[in-house]
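Chemist: compute the structure for the input listed below.
(one chain, ligands or ions: 1)
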Amino acid sequence: MPVGSPPPQPSWRERAGALRHLPALFRLVWQASPALTAGSVALRLARASLPVAVLYVGKLIIDEVAGQMRLPPADPSLGGWLTSGRLDTLALLLALELGLAVLADALSRGSSLVDGLLADRFSNFASIQLMEHATLLDLEQFEGSAQQDRIERARNQITWRASLLTQVFGQVQDALTVATLAVGLVAFAPWLILLLVLALVPAFVGEMHFNAQGYRLNYVRTPERRQLDYIRYLATSVETAKEVKLFGLNGFLVDRFRGFADGVYAERKALAIRRAAWGGVFAALGSVAYYVAYALIVWRTVAGEFTLGDLTFLAGSFLRLRGLLEGLLLGFSQIAGQALYLEDLFRFFEVRPAIVSGADARPFPVPLREGIRFENVGFRYPDSERWAVRHLDLAIGAGEVLALVGGNGAGKTTIVKLLTRLYDPTEGRILLEGRDLRSYDVADLRRHVGVIFQDFVRFHMSAGENIGMGSIEAVGDRERIRDAAARSLADGVVERLPRGYDQVLGKRFEDGYDLSGGEWQKVAIARAYMREADVIVLDEPTAALDARAEYEVFQRFRDLSRGRTALLISHRFSTVRMADRIIVLEDGRVAESGSHEVLLALRGRYAELFELQAAGYR
Ligand SMILES: Nc1ncnc2c1ncn2[C@@H]1O[C@H](COP(=O)(O)OP(=O)(O)OP(=O)(O)O)[C@@H](O)[C@H]1O
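Modeler: Here you go, the predicted model:
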């Protein structure tokens, strides 16, 4: 089934096939905590044989009482009972029953405790696995709504799939109990067991059917669920509150939420009603079978074939058996139904990145001598018809500061993504020191390239971490962080923070302190400087900086990038003109190239744009 396409109604084979993920789930749960998993299984096994023992002791008590009732009446005072010795067996049996009841309760509590702890451990463990796997994936495997739906479905599984395994354990426990009860019953009335099983088949089939429908509904409604999450986020988060308030969007968002929610609710309601109605009919069938069996046992007791103790044992066993069999069959169908969801989780784990280093990948060449060259590069984003860049020939010399300018959507950011192998070109190739970029180790390549994107992340963590994350192994190295901050002018920003480098930034967490756009940008640029990168890429790095800050940042950038290769993307010509060479991009290809002076003299596109901007300042 292609990713993202709605699954057709899963066939019986697919439903059963989904069960093949259970061992993998078991492995995952086991890895999360071997001790708790083993404990859970052991407790279940211990619990399995208790019901039949309790029923059997009950039968012995009743038979003993019935036997005693045939004897002459005993002295009703307690002393009389004790001295007559007639209480001895009964007292023993009652004590045994009490012991079993206490044990059953203790085991059941122990089971819930262990299962609860196991569920917590599993959810943490699986979340970490999910995050670790996510970091391996290509950017492409995140973008696109189908991919996001898939990730959302996988994420959804984490918190509550552990319960599936405890349910499986519960099933095994119940199956063992059924076996022990059945052994006791087979001697009396084997065909009654068959009757009970047959009566439960319709309920089982019905459950399987409705589970599959429920899964299908959940699957096809993933986009709506993500919409609902997104709208809830828009309406309730600190990042969006400003615009939502000023534009008065709350009513609009609530209406939109309601629109999506009502649609999903109506479908779920229809399914739930059908499920409840059919469930009622099937349960009634089960009850009829139970009472037919009961009537037969009563009749045979009256006929003298069974003792009173046998009657209670059999009636009790049948009642338990009915409940258990019902639970087993329905549980099985539920497990099969839930296993369908496991498909989403394990399919996510099966996704493999395409952009990986080969076995003989080279390290990044230090120092650069030739530089980087794009040769006839073309790139189309996945699922896109349009070429973001095409027939692109571009060289970035070692040690050169190159600026890229061009209108919105001209392909500037795309070039950066290709250079850092967030994507690979669809056509043509990119050479580093004359060798295909794909022959280098991806992690090493990224280590030697420092990039700050225009939509850089504002980490709601401390200022020191925001900068230190540029070179994560040095996130605790205050000296290096201060140095990077000084280069990007972030030092002035941090000085004004109440807790300096330890100040949590952003409004999301307690005692967070929000920065202005330009201040955030200085912090982000410091992150790029944390890298001892050989190639520095700044994508619109100064868009939010004031004129003086921009000038200073670039003076420093120029000084610092001596001997390093730098790529600069900007719409501001005051910034761009400081570059050694400027490339004007249009529709994904190079339109003009040269120094500021050369391009002005050319009187082409660059000169026109420069004049436009300069006129704005006059
Ligand atoms: N993730 C994506 N998926 C599909 N198409 C994309 C994606 N990112 C960019 N594009 C498209 O690729 C083209 C080039 O985008 P790019 O971001 O490289 O432009 P840019 O020159 O950096 O623009 P700007 O100056 O506005 O930042 C645009 O037409 C854009 O719509």
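Chemist: tell me the secondary structure at whatever residue of the stretch 451-600 of the chain ends up closest to the ligand.
Modeler: At 6.0 Å from the ligand, residue 454 is the closest residue in the stretch 451-600 of the chain, using Cβ to the nearest ligand atom. C-betas here are computed from N, CA, C, even on glycine. Classification of residue 454 using DSSP: H, G, I helix; E, B strand; the rest coil returns coil.
Chemist: confidence score at it?
Modeler: Note on residue 454: pLDDT of 82.
Chemist: run through the residues that contact it.
Modeler: Residues near residue 454 by Cβ atoms under 8 Å, 6 or more residues apart in numbering: 413, 539, 540, 543, 569.
Chemist: between those, which is closest to residue 558?
Modeler: When the contacts of residue 454 are ranked by distance to residue 558 (Cβ to Cβ), residue 569 comes first, at 15.9 Å.
Chemist: so what pLDDT did residue 11 get?
Modeler: 65.
Chemist: run a quick neighbour tally on residue 265.
Modeler: 11 (other Cβ atoms under 10 Å).
Chemist: any idea how far residue 137 is from it?
Modeler: Distance of residue 265 to residue 137, computed by Cβ to Cβ, to the nearest Å: 33 Å.
Chemist: go on, residue 506?
Modeler: According to Cβ to Cβ, residue 506 and residue 137 sit 26 Å apart.
Chemist: for residue 516, same thing?
Modeler: Residue 516 is 34 Å from residue 137, by Cβ to Cβ.
Chemist: between these two, which is the more surrounded one?
Modeler: A side-by-side neighbour count of residue 516 and residue 137, using other Cβ under 10 Å, places residue 137 first with 17 against 11.
Chemist: chain neighbours aside, what residue packs nearest to that one?
Modeler: In space, and not counting its chain neighbours, residue 137 is closest to residue 353: 5.2 Å by Cβ to Cβ, 6 or more residues apart in numbering.
Chemist: is that neighbour in a helix, a strand, or coil?
Modeler: coil.
Chemist: one more: residue 399?
Modeler: coil.
Chemist: what residues does it make contact with?
Modeler: Shown in contact with residue 399 (Cβ under 8 Å, 6+ apart): 368, 371, 562, 563, 564, 565.
Chemist: wait, the second one sits on residue 396?
Modeler: Yes - with contacts defined as Cβ atoms under 8 Å, residue 371 counts as touching residue 396 at a distance of 5.1 Å.
Chemist: which of the two has more neighbours?
Modeler: residue 396 (25 against 18).
Chemist: backbone dihedrals for that one, both of them.
Modeler: Dihedral angles of residue 396 (phi, psi; degrees, to the nearest 10) stand at phi -120, psi 110.
Chemist: separation between the residue nearest to it when sequence neighbours are not counted and residue 237?
Modeler: In this structure, residue 396 finds its nearest non-sequential neighbour in residue 372, 4.5 Å apart by Cβ to Cβ, 6+ apart. Applying Cβ to Cβ, the value for residue 372 to residue 237 is 40 Å.
Chemist: then residue 103?
Modeler: Residue 103 is 51 Å from residue 237, by Cβ to Cβ.
Chemist: for residue 506, same thing?
Modeler: In terms of Cβ to Cβ, residue 506 sits 11 Å off from residue 237.
Chemist: neighbour count: the two, which is higher?
Modeler: More neighbours surround residue 506 than the other of residue 506 and residue 237, with 17 against 12 (other Cβ under 10 Å).
Chemist: so residue 591 belongs to a strand, correct?
Modeler: Yes - under three-state DSSP, residue 591 sits within a strand.
Chemist: how many residues are close by the closest residue in space to it that isn't next to it in sequence?
Modeler: Leaving aside its chain neighbours, residue 591 sits nearest to residue 584 (4.7 Å; criterion: Cβ to Cβ, 6+ apart). Number of residues near residue 584 (other Cβ under 10 Å) recorded here: 23.
Chemist: now residue 452
Modeler: 23.
Chemist: that one pairs with what?
Modeler: Note on residue 452: beta-bridge partners by DSSP bridges are residue 538.
Chemist: who's in contact with it?
Modeler: 524, 525, 527, 528, 537, 538, 539, 541.
Chemist: from residue 466, how far out is it?
Modeler: Counting by Cβ to Cβ, the separation of residue 452 from residue 466 is 12 Å.
Chemist: find residues that contact each of the two.
Modeler: Common neighbours of residue 452 and residue 466 (criterion: Cβ under 8 Å, 6+ apart): 524, 527.
Chemist: what about the one residue in the stretch 151-300 of the chain that gets nearest to the ligand, distance to residue 349?
Modeler: The stretch 151-300 of the chain approaches the ligand most closely through residue 151 (15.5 Å), counting by Cβ to the nearest ligand atom. Separation of residue 151 from residue 349 (Cβ to Cβ): 12 Å.
Chemist: what's the answer for residue 522, then?
Modeler: Using Cβ to Cβ, residue 522 is found at 40 Å from residue 349.
Chemist: okay, those two: which has more neighbours?
Modeler: Neighbours per residue (other Cβ under 10 Å) separate residue 522 from residue 349, with residue 522 holding more: 26 against 14.
Chemist: so where do the helices sit in the stretch 301-450 of the chain?
Modeler: 308-350, 412-419, 442-448 (DSSP state H, counting those that start in this stretch).
Chemist: least reliable of these going by mean pLDDT?
Modeler: If you rank the helices of the stretch 301-450 of the chain by mean pLDDT, helix 308-350 sits at the bottom with a mean of 79.
Chemist: so the spatially most distant residue from the centre of the chain: helix, strand or coil?
Modeler: Ranked by distance from the centre of the chain (Cα atoms, centre = their mean), the top residue is residue 72, with 72.1 Å. When classified by three-state DSSP, residue 72 comes out as coil.
Chemist: what's the spacing between it and residue 86?
Modeler: Counting by Cβ to Cβ, the gap from residue 72 to residue 86 is 11 Å.
Chemist: and what of residue 60?
Modeler: According to Cβ to Cβ, residue 60 and residue 86 sit 15 Å apart.
Chemist: with adjacent residues omitted, what lies nearest to residue 207?
Modeler: Nearest residue to residue 207, sequence neighbours excluded (Cβ to Cβ, 6+ apart): residue 333, at 3.9 Å.
Chemist: got a list of what that neighbour touches?
Modeler: When contacts are counted by Cβ under 8 Å, 6+ apart, residue 333 touches 204, 207, 208, 211.
Chemist: ok, now how distant is it from the ligand?
Modeler: 42 Å (Cβ to the nearest ligand atom, to the nearest Å).
Chemist: also residue 368?
Modeler: Relative to the ligand, and taking Cβ to the nearest ligand atom, residue 368 is found at 24 Å.
Chemist: next, that residue: phi, psi?
Modeler: According to degrees, to the nearest 10, residue 368 has phi -70, psi 140.
Chemist: I'd say it and residue 398 touch.
Modeler: Yes - at 3.9 Å, residue 368 and residue 398 qualify as touching, with contact defined as Cβ under 8 Å.
Chemist: list residues touching both of those two?
Modeler: Shared contacts of residue 368 and residue 398, defined by Cβ under 8 Å, 6+ apart, are found at residue 565.
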